[in-house]
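1. Sharing a model that was predicted from the sequence below.
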Amino acid sequence: MNNDRIREINEYISVLPSSEEPLSADVYFIKGKSRIYIVDVGSNDTAFEAVRKIPEKRIILTHFHEDHTDNIRRLDIPEEDLLVGNYTRKYIGRGTEVDLRMMFDDGVKITVVPIPNSHAKGSLCVTVNDEYLMLGDAFYSNVKGYNVSLLSEEIKLLKDLDFRYVLMSHKDKPHEKNEIISILEKVFQSREKDNPYIPVGAE
């Protein structure tokens, strides 16, 4: 991919980093044998051009927020090659809804997984070769804080998934699996009786 802003994470994953003006999420590119798998499409022109130029692609949107999805309105892609959660499907009006784990083996092993979280309903996450987890914004809370029930479910899922490193949108570097789970567990331990939310901001 001929874009000087795209950097390699390893031999099969690269990333176009997020931007602030306009707010645009990280865009990940996973190199398979038959196509490139793209996680989120961002909202700025740089991300649009990087995604548009790839001829054989499958796009996975982690959630419906515009900094992750806005460029999809400018992209022509078949329904079966656009994978979305239920709320994203409602928001953008197209795509193949993923409500159970979906796996692809295309020289790399890719698993798309619905993930409960406090940031956005109907989110998806993606594991690659049981090594990297692309978490989108599911680590973060919403304005009310972390929902106690959803946070408990998310921690259980993260423990169950096979990966070593976590890639989170709007963060510069990978994090260790145990580090991320430990932070979320500490948040969960701070919950108060009869309060469905833990009033903290994004970590």
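-> In hand now; what should we look at? Numbers count the residues shown, from 1 in each chain.
2. quick one, phi/psi of the spatially most central residue of the chain?
-> To find the centre residue of the chain, average its C-alpha atoms and take the closest one (CA atoms, centre = their mean): that gives residue 136, at 2.8 Å. Summarising the backbone geometry of residue 136 under the convention degrees, to the nearest 10, its torsions are phi 60, psi -130.
3. who are the neighbours in contact with it?
-> By CB atoms under 8 Å, 6 or more residues apart in numbering, the contact set of residue 136 is 25, 39, 40, 62, 63, 68, 120, 123, 124, 125, 168, 169. (Glycine included, C-beta is placed from N, CA and C.)
4. quick one: which of those residues is nearest to residue 143?
-> Looking at these and their distance to residue 143, the nearest is residue 120, at 11.9 Å (CB to CB).
5. List the contacts of that closest one.
-> With contact set as CB under 8 Å, 6+ apart, residue 120 has these partners: 63, 64, 65, 87, 136, 137, 138, 142.
6. Keep only those of these that are in strands.
-> residue 136 (DSSP state E).
7. Show me the shaky parts of the chain.
-> For the chain, applying pLDDT under 70 flags the ranges 1-2, 201-203.
8. now with 80?
-> Low-confidence regions of the chain, defined by pLDDT under 80, span residues 1-4, 200-203.
9. is it true that residue 172 touches residue 17?
-> Yes: with contact defined as CB atoms under 8 Å, residue 172 and residue 17 form a contacting pair (7.5 Å).
10. Give me the contacts around the strand or helix carrying residue 47.
-> If you go by DSSP states H and E, residue 47 is part of helix 45-52. Applying CB under 8 Å, 6+ apart, the external contacts of helix 45-52 come out as 1, 3, 5-6, 16, 19, 24, 27, 29, 38, 41-42, 57, 59, 71, 74-75.
11. Only C-alpha atoms, please: export that helix in CSV.
-> Once side chains and other backbone atoms are set aside, the C-alpha atoms of helix 45-52 remain, and they are given as CSV (Å, rounded to 0.1, in the frame of the first residue of the first chain):
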residue,chain,number,x,y,z
ASP,A,45,-9.9,11.6,3.0
THR,A,46,-6.6,9.9,3.7
ALA,A,47,-8.3,6.8,5.1
PHE,A,48,-10.9,6.8,2.3
GLU,A,49,-8.2,6.9,-0.4
ALA,A,50,-6.2,4.1,1.3
VAL,A,51,-9.2,1.8,1.5
ARG,A,52,-10.6,2.7,-1.9
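12. after that helix, next one along is what?
-> strand 57-60.
13. With only the CA atoms kept, save that following strand in PDB.
-> Presented in PDB, the C-alpha positions along strand 57-60 are these (Å, rounded to 0.1, in the frame of the first residue of the first chain):
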ATOM      1  CA  LYS A  57     -11.100  -6.400   0.200                       C
ATOM      2  CA  ARG A  58     -13.500  -7.300   3.000                       C
ATOM      3  CA  ILE A  59     -14.400  -4.600   5.500                       C
ATOM      4  CA  ILE A  60     -15.200  -5.100   9.200                       C
END
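14. which other helices and strands contact that strand?
-> Contact partners of strand 57-60 among helices and strands, from 3 or more CB pairs under 8 Å, 6 or more residues apart in numbering; DSSP states H and E: strand 36-39, strand 82-84.
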